[in-house]
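Q: Here is my input; please provide its structure:
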Amino acid sequence: MAMSHEKLVHKVSLDGFYIDIREVTNSQFTAFVNTTNYVTLAERPIVWEEMQIQLPPGTPKPVDSILQSAALTFKAAPTKLPNLFDFSQWWGWTIGPDWRHPQGPSSTIDGKEDYPVVQLAFEDALAYCDWAERSLSTEAQWEFAARGGQETIYTWGEDLELLSLQANSRESSFPDTNLGTDEFIGIAPTASL
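A: Residues are numbered from 1 along each chain as shown. Alright, predicted model coming up:
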């Protein structure tokens, strides 16, 4: 369900801003870590006493085997998906991923220096931005940049009827391939905005 400020198109005023044309890469984040000795949130041990403050009173401490940094990671799905509502067919709960090991402890970013850095927390992104003398773009800044500076209602222009053609949707077998066949799985033009 969309939040109220996401439902209606509205005008916003922006001051001038700069935005990088590419995501922060693994090599850029490596330079930051090597210079500052920064340790990301996913790489830090979980301190139960700090976490407990954010939970309802009386919440019992989880066992150590699950009180660890973890994330959903993408995995190859079977060729035939019997149930598209069962996302566990292509997402798996993985203990221990971090920016150096994006798919879990046995993965690596070797050979992926120019790939976008992943598995960062918001505070990690802010720390990088502070070091790089940058800031995270706001939603309005990002949308303005995505429009190429054009003042249109939607990123593709003015026509809401084109929504289904502009959606980031897959064609063909989901989620393992996107062959561009006539089979179409997407968002209908009547989707809630």
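
Q: Looks like Gly92 contacts Leu72 (just checking).
A: Yes. In this structure Gly92 lies within contact range of Leu72 using Cβ atoms under 8 Å: 7.0 Å. Glycine gets a C-beta too; all of them are placed from N, C-alpha and C.

Q: per-residue confidence for the residue nearest to the spatial centre of the chain?
A: Compute the mean C-alpha point of the chain, and by Cα atoms, centre = their mean the closest residue is Val118, 7.9 Å away. Val118 is assigned a pLDDT of 95 by the prediction.

Q: go on, Arg22?
A: pLDDT recorded at Arg22 is 90.

Q: Relative to Asp114, how far out is it?
A: Counting by Cβ to Cβ, to the nearest Å, the gap from Arg22 to Asp114 is 9 Å.

Q: Next, count neighbours for Gly148.
A: Residues within reach of Gly148, counting by other Cβ atoms under 10 Å, total 8.

Q: could you pull out the helices for the chain?
A: Ranges of helices in the chain, per DSSP state H, are 4-7, 26-36, 48-52, 122-132, 139-146, 163-166.

Q: Might one say that Trp142 is in contact with Ile19?
A: Yes. The pair formed by Trp142 and Ile19 meets the contact definition of Cβ under 8 Å, at 7.3 Å.

Q: Low-confidence regions, this structure specifically.
A: Across the chain, the ranges flagged by pLDDT under 70 are 1-2, 5-9, 77-78, 81, 155, 162-193.

Q: If we use 90, what do you get?
A: 1-13, 21, 65-66, 74-92, 139-140, 142-193 (pLDDT under 90).

Q: List the contacts of Gln68.
A: Neighbouring residues of Gln68 by Cβ atoms under 8 Å, 6 or more residues apart in numbering: 46, 95-96.

Q: Mark which of those are buried, thanks.
A: Neighbour-count burial (16 or more other Cβ atoms under 10 Å) is assigned, among the contacts of Gln68, to Gly96.

Q: In TSV: the contacts of Gln68, plus distance to Thr152.
A: Shown next, in TSV, are these (distance: Cβ to Cβ, whole Å):
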residue	distance to Thr152
Ile46	45
Ile95	44
Gly96	44
